[in-house]
Structures are given as C-alpha cells and as structure tokens.
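>>> The sequence isn't on hand, but the structure is:
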C-alpha cells in the first residue's frame, strides 16, 4: 500500500512506525489527562507508558520472530527491522503486562485502579496501530472478490487490518462508557482482555498470513481463547472477593 509515507534524502518515514508512534502519543495524552481527573500522578502515568510500550514492543516482536523462526534464521538482520511490520499482540500483552506490573509494584501504585484506567487507551492504541498495518500491507486477509486491492499482493483481500481497527475502536468506546465509577474493581481491564481477544479470534478466520496450528485454529486463536478464559477466571475471582468483603 504505502509502506513509506515520505522520504527526505536517505531518511525514510515508514507508515508502520509512524502509526505506532501516533498511537502512543494519542493514548498517552488521553491517559494522562484522565489520570489527573481521578487523582493519579500524570508523570507517573507517562513513565508507566514508557515501560509498558518498551516491554510490549519487545514482547510482540519476540513472539512474532519465534512464530516465524525459519525465516528469521535465514535473515537475522530483519529481526530488528520493525519498519516492515511484524508485532504479535499476545506477546506484547505478556511482556508489556509484566513490565507494567513491576513498575506499579515498585512505585506502590494501586494496581487495579491503574489497570482499569489504562484499558480503554490500550484498545485505542491498537485501533490506531492497525492503520499502520494497512498502509504497510502486512496482517493481510484472504482473497475475496469485493475486497480491497493490495498492490503488494496483487490481489483483492479482506481488509482485516481495518476489521481490527474498527473492532478495537468499538472496544474503546464500550470501555469508556463502562469505565465510569468502576476504577479499582478490575472489571474494566478484564473486559478489555476478553473483548480484544474475542475480536482477534473472530478476525483471524479472515486472515491469510497465518497457518492453522491445531484443530483448524491458528496459534493466535488458541492464545486468544487462553486470554478469554483467563479474563473469565479473574472476573470470577474479583467478584467472589467483592462479595466476601461485602459480607464482612
């Protein structure tokens, strides 16, 4: 599509990296503004974003490399070439989540309150980031007669990137509406994990860049199912804990 937005001499601005940067800037701005309204330190939130993004990008890239290891063993230099795309959301959730957890623990910030606050802006960041996938031509869908024409693939394909963008944008609005008065319960963050995983599971049926791993499902679908089950378990435990405190 448009992998390079513009070029000045030897300097190239890649659409994929530009949209990732835009996702971080927009998400951070809205998060910090919201954090101040609920009594959280905006600067601490900016530090949190830094560590989560760093861990998320590294985790996403490592997971993508592991899933495509034969290719990267032949071309190891491309492991660090993020401008070509290739980030797996599930790996980012794991390592980015761990980075954020350590940061919150170290700075003694309220875990569930911050997670509930951050959740909608994670979805918004994903929505913006997937536009970069569309412009880059990666994360493409299966051939379909009415689909969007991708010159790089010389075919009309399901615009799965935009399916994800639209879905994550809808998740953002749902979470923002659901978020009011629920900070600290854990329900907002758990709902984010469940909805984001469920939508990724569905869109994966239209993707063409992944192979079926087991029982006709891709690795990403199995991981999405795992995240959905984990979200359900955490929601159940948080509800039981809240009921226990209520009886106490």
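Looks like it came in fine. Just so we're clear, the structure is a prediction, and the values are computed from it rather than from any experiment.
>>> ok, how many other residues are close to the closest residue to residue 100 other than its chain neighbours?
Spatially, and ignoring its direct neighbours in sequence, residue 100 is nearest to residue 52 (4.4 Å; Cβ to Cβ, 6 or more residues apart in numbering). For glycine as for every other residue, the C-beta is placed from the backbone atoms N, C-alpha and C. Residue crowding around residue 52 was assessed by other Cβ atoms under 10 Å; the count is 22.
>>> quick one: residue 52 and residue 102 touch, right?
No. Using Cβ atoms under 8 Å, residue 52 is not in contact with residue 102; the gap is 10.4 Å.
>>> Sketch out the low-pLDDT regions of the chain for me.
Residue ranges of the chain with pLDDT under 70: 1, 83-85, 244-248.
>>> By residue count, tell me the biggest helix in it.
helix 219-247 (DSSP state H).
>>> Show me which residues of it are buried.
219-224, 227-228, 231, 234-235, 238 (16 or more other Cβ atoms under 10 Å).
>>> could you dump those to JSON lines with distance to residue 117?
Output for these, formatted as JSON lines (distance: Cβ to Cβ, whole Å):
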{"residue": "219", "distance to residue 117": "31"}
{"residue": "220", "distance to residue 117": "27"}
{"residue": "221", "distance to residue 117": "29"}
{"residue": "222", "distance to residue 117": "30"}
{"residue": "223", "distance to residue 117": "25"}
{"residue": "224", "distance to residue 117": "24"}
{"residue": "227", "distance to residue 117": "20"}
{"residue": "228", "distance to residue 117": "22"}
{"residue": "231", "distance to residue 117": "17"}
{"residue": "234", "distance to residue 117": "17"}
{"residue": "235", "distance to residue 117": "18"}
{"residue": "238", "distance to residue 117": "16"}
